[in-house]
Structures are given as structure tokens and as C-alpha cells.
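Enquirer: sharing a model prediction with you, sequence too.
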Amino acid sequence: MPLELTILVGTMTGTAQLVAQELELVLDDENTRVQTRLMDGLDERAFDSGGLFLICTSTYGQGDVPDNAKALYEALQTARPDLSRVYYGVIALGDMTYAETYCNGGKRFDAILADLGAKRIGELMLHNASAGTLPEEVALEWALPWIEQCREILPLTA
Ligand SMILES: Cc1cc2nc3c(=O)[nH]c(=O)nc-3n(C[C@H](O)[C@H](O)[C@H](O)COP(=O)(O)O)c2cc1C
């Protein structure tokens with residue numbers, strides 16, 4: 001059975017979407033089925049199936065999630081579903097120029113998912129837009145070992 005991964009994308013100007021597309025291109029194969037969804041219009045039911053998710057989101061405003069992620073983030077806070085069947089990773093895009101709120105969009109999703117019982121696999125991946133590195137390259141370097149880690153953990157817990 002292939003591993004099924006859903007990438008949920010929170011973005012304002014498309015960088016997180018580009019990262020997700022690159023990950024889908026590389027990770028989707030006979031061992032892994034990848035589905036990428038923009039967060040637009042999603043609510044807490046996006047997690048109803050349980051399984052493995054990758055949150056790929058940028059940060060805006062005062063360390064907020066991007067506009068297209070707000071409804072999903074707020075629905076999780078309000079509905080407070082039991083996410084104990086959910087496993088997830090986080091790719092958080094940000095900019096060190098905003099030192100106080102660096103990558104808070106991804107950190108916020110991490111906090112609410114953990115609070116609702118979902119289990120994170122691996123550390124958060126943080127990307128600093130001022131670092132001069134390409135987010136899709138950094139993300140891929142992070143994601144290749146991450147997906148192997150998921151593969152080891154998930155069959156044991158299914
Ligand atoms: C108006 C504005 C506000 C931002 N606020 C933050 C912030 O509070 N913290 C942070 O780490 N990055 C912040 N960023 C940086 C973005 O999150 C970063 O550039 C990201 O790569 C953009 O990804 P996107 O194109 O998917 O939206 C901000 C960028 C803009 C333009």
C-alpha cells in the first residue's frame with residue numbers, strides 16, 4: 001500500500017504553493033501518493049480522513065497565517081476536532097526581518113494541531129526568505145528524509 005500524503009498550502013504570493021508543487025513532483029511515486037490542496041475554503045473536515053499531512057504555509061501581518069489559511073485555522077480553534085488519527089509535518093516560510101514573528105504561521109498550525117491531539121513527525125522546517133536560499137530546494141532536502149521517517153513510523157501505528 002502506498003503512503004498517502006496530503007499537502008495543505010497556505011500562501012499569499014505563491015511561494016508555498018511552488019514549494020508544494022516541487023515536493024509533489026519529487027515525492028509522488030509508486031510508494032507515495034501525494035495530493036496538494038490550497039487551504040482556500042477548507043475547514044476542520046479537511047482532517048476527517050486522518051492520516052499524514054504536510055502543512056506548507058507562509059506568515060503575514062503580525063505573525064498571522066496567510067489569508068487563505070485563516071478559515072481553516074479558525075475552524076480548528078472553534079470546532080476543536082479530535083485529531084488523534086492525524087500525523088503531520090510543517091514547512092513554515094517566513095523572513096528573519098520579522099524577528100519577533102519569524103515563521104509564526106507554521107508555528108501556529110503546529111501548536112493547534114498538537115493541541116488537538118495530532119502527532120508531529122520530525123522537526124519544523126523553517127525557511128528564511130532573507131537567507132538567499134531557494135525555499136523549494138531547502139524543502140526538498142528536508143522532505144526526503146522526512147518521508148522516510150514517516151514511512152517507518154506510520155505502519156507501526158496504523
Ligand atoms: C506584508 C508581509 C508580512 C510578512 N510578515 C511576516 C512575519 O510576520 N513573519 C515572518 O516570518 N515572515 C513574514 N513575511 C515573509 C513571508 O512569510 C515570506 O516572504 C514567505 O516566503 C512568503 O510566502 P508566500 O508567497 O507563500 O506567501 C511577510 C511578508 C510580507 C510581504
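Expert: Sure thing, it's come through. Note that the structure is predicted; figures quoted are calculated from it, not measured. Residues are numbered from 1 along each chain as shown.
Enquirer: which ones are touching L124?
Expert: Neighbouring residues of L124 by CB atoms under 8 Å, 6 or more residues apart in numbering: 90-92, 103, 106-107, 110. Where C-beta positions appear, they are placed from N, C-alpha and C, glycine not excepted.
Enquirer: can you narrow these down to the ones near the ligand?
Expert: C103 (CB under 6 Å from any ligand atom).
Enquirer: excluding chain neighbours, what is closest to the closest residue to the ligand within the chain?
Expert: Nearest residue of the chain to the ligand: G94, at 2.3 Å (CB to the nearest ligand atom). Leaving out its chain neighbours, the residue that sits closest to G94 by CB to CB, 6 or more residues apart in numbering is C103, at 3.7 Å.
Enquirer: I'd like to know how many residues surround the one you found.
Expert: Counted by other CB atoms under 10 Å, the residues lying close to C103 total 25.
Enquirer: related to what we said a few turns ago, CSV please, covering the contacts of L124 and showing secondary structure, distance to E137 and pLDDT.
Expert: Compiled in CSV, those are given as follows (DSSP: H, G, I helix; E, B strand; the rest coil; distance: CB to CB, whole Å; pLDDT from 0 to 100):
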residue, secondary structure, distance to E137, pLDDT
V90, strand, 18, 98
I91, strand, 12, 98
A92, strand, 16, 98
C103, coil, 17, 98
G106, helix, 18, 98
K107, helix, 22, 98
D110, helix, 22, 98
